[in-house]
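1. Below are the sequence and a predicted model; questions follow.
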Amino acid sequence: MQLQFAIDTLTIEAALGLAAKAAPHVDILELGTPLIKSAGVAAVSAIKEAHPDKTVFADLKTMDAGELEAELAFAAGADLVTVLGVAGDSTIVGSVAAARRHGKGVVVDLIGVTDKAARAREVVALGADFVEVHAGLDEQAEEGFTFSTLLEAGEASGVPFSIAGGVNAASIAAVQSAGAIVAVAGSAIYSAPDVAAAAAELRAAIAEPATA
């Protein structure tokens, strides 16, 4: 299982600082939606230039104009982009077309999708590389939310998935056990007093696959 760091800040300078500390311990550097809205795709280029060996994930959360928005991000250096699962199929197909031109990938974010498992299967059939089973900050604050519902949806989908929303050192083992290919951690890293140590702790909590 890979570890993804969701960098939810508003400036390129701050993002570069966080990425530099966490990069030795993570596989994927995610430029959060607020950062891209604030700084534009220049943030993607800056992170890719600083960390060419890392997968750079542009969390566009595209809802329309899928091919155009994906093209902008891929041209800037992104390796993966997100499209919302609640978007129309044509938006997802357009994003996939741009990804294939660049040899890159599309992740469909299931935030706000009621039947996450069913939609996951649909979007992978449309060409998405994997889905992100995601509970946003607002959803996590709602009464009745439980982290286990994300894991259950991922397991039920039967397709490659990541988990985002509440991943930390205490929960990451459950994410791996559920079969996720990526664990996405945000505040568990960037809000920690020692960003590098927090990322290292999450990395250490990921079990190595058994060898024959």
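-> Yep, that arrived.

2. would you put the C-alpha positions of the helix or strand hosting residue 14 in PDB?
-> Using DSSP states H and E, residue 14 sits in helix 12-22. The C-alpha trace of helix 12-22 is given here as PDB (Å, rounded to 0.1, in the frame of the first residue of the first chain):
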ATOM      1  CA  ILE A  12       3.200  27.300  -3.000                       C
ATOM      2  CA  GLU A  13       5.900  28.300  -0.500                       C
ATOM      3  CA  ALA A  14       4.100  26.500   2.300                       C
ATOM      4  CA  ALA A  15       3.400  23.400   0.200                       C
ATOM      5  CA  LEU A  16       7.100  23.100  -0.800                       C
ATOM      6  CA  GLY A  17       8.100  23.300   2.800                       C
ATOM      7  CA  LEU A  18       5.700  20.600   3.900                       C
ATOM      8  CA  ALA A  19       6.600  18.400   0.900                       C
ATOM      9  CA  ALA A  20      10.300  18.600   1.600                       C
ATOM     10  CA  LYS A  21       9.800  17.300   5.200                       C
ATOM     11  CA  ALA A  22       7.400  14.500   4.300                       C
END
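
3. quick one, longest strand in the chain?
-> strand 55-62 (DSSP state E).

4. number of nearby residues for the nearest residue to residue 82 once chain neighbours are set aside?
-> Residue nearest to residue 82 in three dimensions, not counting chain neighbours: residue 109, with 4.6 Å by Cβ to Cβ, 6 or more residues apart in numbering. To be clear about C-beta, it is placed using only N, CA and C from the backbone, and glycine gets the same treatment. Other residues lying near residue 109 total 26 when counted by other Cβ atoms under 10 Å.

5. residues touching residue 109, list them.
-> Listed by Cβ atoms under 8 Å, 6 or more residues apart in numbering, the contact partners of residue 109 are 59, 61, 82, 83, 84, 85, 131, 132, 134.

6. phi, psi of the fifth one?
-> Going back to what we said before, that points to residue 84. phi -70, psi 140 (degrees, to the nearest 10).

7. That one and residue 112 touch, don't they?
-> Yes - applying Cβ atoms under 8 Å, one finds residue 84 in contact with residue 112, separated by 7.2 Å.

8. what about the two, which has more around it?
-> Ranked by neighbour count (other Cβ under 10 Å), residue 84 and residue 112 place residue 84 first, with 22 against 15.

9. and that one, what does it touch?
-> Per Cβ under 8 Å, 6+ apart, neighbours of residue 84: 61, 62, 63, 108, 109, 111, 112.

10. Next: residue 33.
-> Residue 33 touches 59, 60, 61, counting by Cβ under 8 Å, 6+ apart.

11. Please apply the same query to residue 124.
-> Contacts of residue 124 (Cβ under 8 Å, 6+ apart): 108, 130, 131, 159, 160.
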